[in-house]
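Participant: sharing a model that was predicted from the sequence below.
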Amino acid sequence: MTRPVKPIRKAVFPVAGLGTRFLPATKAMPKEMLTVVDRPVIQHVVDEARSAGIEHFIFVTGRNKGVIEDHFDSQYELERTLADRGKKSELANLINDLPGAGQTSFTRQQAPLGLGHAVWCARDIVGDEPFALLLPDMLHHAKSPCLADMMKAYSEHGGNLVAVAPVPEDQTHQYGIVGVKDAKAKVSPITKMVEKPARGSAPSNLHITGRYILQPEIFGLLANQERGAGGEIQLTDSMIQLMDDARQPFHAVRFDGTIYDCGSKIGFLTANVAYALARDGLGTELRTELKKLL
């Protein structure tokens, strides 16, 4: 069993996407700042990372994404106004959400060359240490946060880890799919990875859900990675090379909660309903209103 040499302190968040599926809402507003109930999507994902013990949050941004940086910074005028008006709980919530000084970094992905390229853009900030990668479009909703489960698995197995969940067989061609030794196990060695396999050729129905723990050797592979599916630099292609050529171990960590793809309208709307129903002081009233609509 491989033991981890270094802890996971840093997490990368690729937030450079244009969000064209949400136009015109995303014409001037980053898609990551659209709210699920009363928190931006990106805040939910950062909360997941923080609860898992992440100390440094690295955002790979693009043009017109400055509001994300502002969101994770102090807003003096707002904070002063809340204090003057005696809104102690609202002020406390804002302050609690803020990363500490020096805990955030922002770098640019100047061209839309895919997830692999976005990860590579964070190479100098991550440095020579393992890191977590969280895709902000994918909200993982469960009592036990997805990345926290992965951190536990990392402490036992080390190496590289990928969160997975089952999808219907007729949808496997839409995702990155992994084959594993034991499809029912919470953690299992990965035997194969395929990016969007042809219909009927998938090694399993377990798809990659947008949560990863990766070793820093991935950066050297991404630097020379040829463009793959969609003409983009695919992270999965470099992970396959890291597993097959570099002989680094990969484990799948099965996520047993619900995943909402907030990059799609249905996923985003469903996430709003699900998170609101789970919220104390809001769920009961919303359930009543939904019954009226339905």
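Facilitator: Received, thanks. Numbering: from 1, shown residues only.
Participant: distance-wise, check the residue lying closest to residue 146 once chain neighbours are set aside relative to residue 173.
Facilitator: Of all residues not flanking residue 146 in the chain, residue 140 sits nearest, at 3.9 Å (CB to CB, 6 or more residues apart in numbering). Glycine gets a C-beta too; all of them are placed from N, C-alpha and C. From residue 140 across to residue 173, the span is 23 Å (CB to CB, to the nearest Å).
Participant: name the helices or strands packed onto the host helix or strand of the residue nearest to residue 146?
Facilitator: Here residue 140, judged by DSSP states H and E, is contained in strand 138-141. Helices and strands touching strand 138-141, by 3 or more CB pairs under 8 Å, 6 or more residues apart in numbering; DSSP states H and E, are helix 41-51, strand 206-214, strand 258-261, helix 265-277.
Participant: quick check: angle from the least confident helix or strand in the chain by mean pLDDT to helix 41-51?
Facilitator: None of the helices or strands of the chain scores lower by mean pLDDT, DSSP states H and E than helix 88-97, at a mean of 87. Here helix 88-97 runs at an angle of 70 degrees relative to helix 41-51 (axes from the mean of the first three to the mean of the last three CA atoms, to 10 degrees).
Participant: mind listing residues that contact helix 88-97?
Facilitator: Applying CB atoms under 8 Å, 6 or more residues apart in numbering, the contact partners of helix 88-97 are 43, 47, 75, 78, 79, 82, 83.
Participant: quick one: residues in contact with the very next helix or strand once past it.
Facilitator: Next along the chain after helix 88-97, taking DSSP H and E as the criterion, comes strand 104-108. Strand 104-108 is contacted by residues 16, 56-62, 68-69, 72, 121-122, 124-125 when judged by CB under 8 Å, 6+ apart.
Participant: buried set for strand 104-108?
Facilitator: 104, 105, 106, 107 (16 or more other CB atoms under 10 Å).
Participant: just how off-centre is it within its chain?
Facilitator: Relative to the centre of its chain, strand 104-108 is centred 16 Å away, using CA atoms, centre = their mean, to the nearest Å.
Participant: what does stretch 135-145 give?
Facilitator: Distance, centroid of stretch 135-145 to centroid of chain: 8 Å (CA atoms, centre = their mean).
Participant: now residue 175. Nearest residue, chain neighbours left out?
Facilitator: Residue 175 sits nearest to residue 207 (CB to CB, 6+ apart), 3.7 Å away.
Participant: what distance do you get for residue 101 to residue 56?
Facilitator: Taking CB to CB, one finds residue 101 at 12 Å from residue 56.
Participant: neighbour count winner among these two?
Facilitator: residue 56 (18 against 7; other CB atoms under 10 Å).
Participant: backbone dihedrals for the more buried one, please?
Facilitator: phi -130, psi 130 (degrees, to the nearest 10).
Participant: now it. Nearest residue, chain neighbours left out?
Facilitator: Residue 56 sits nearest to residue 10 (CB to CB, 6+ apart), 4.4 Å away.
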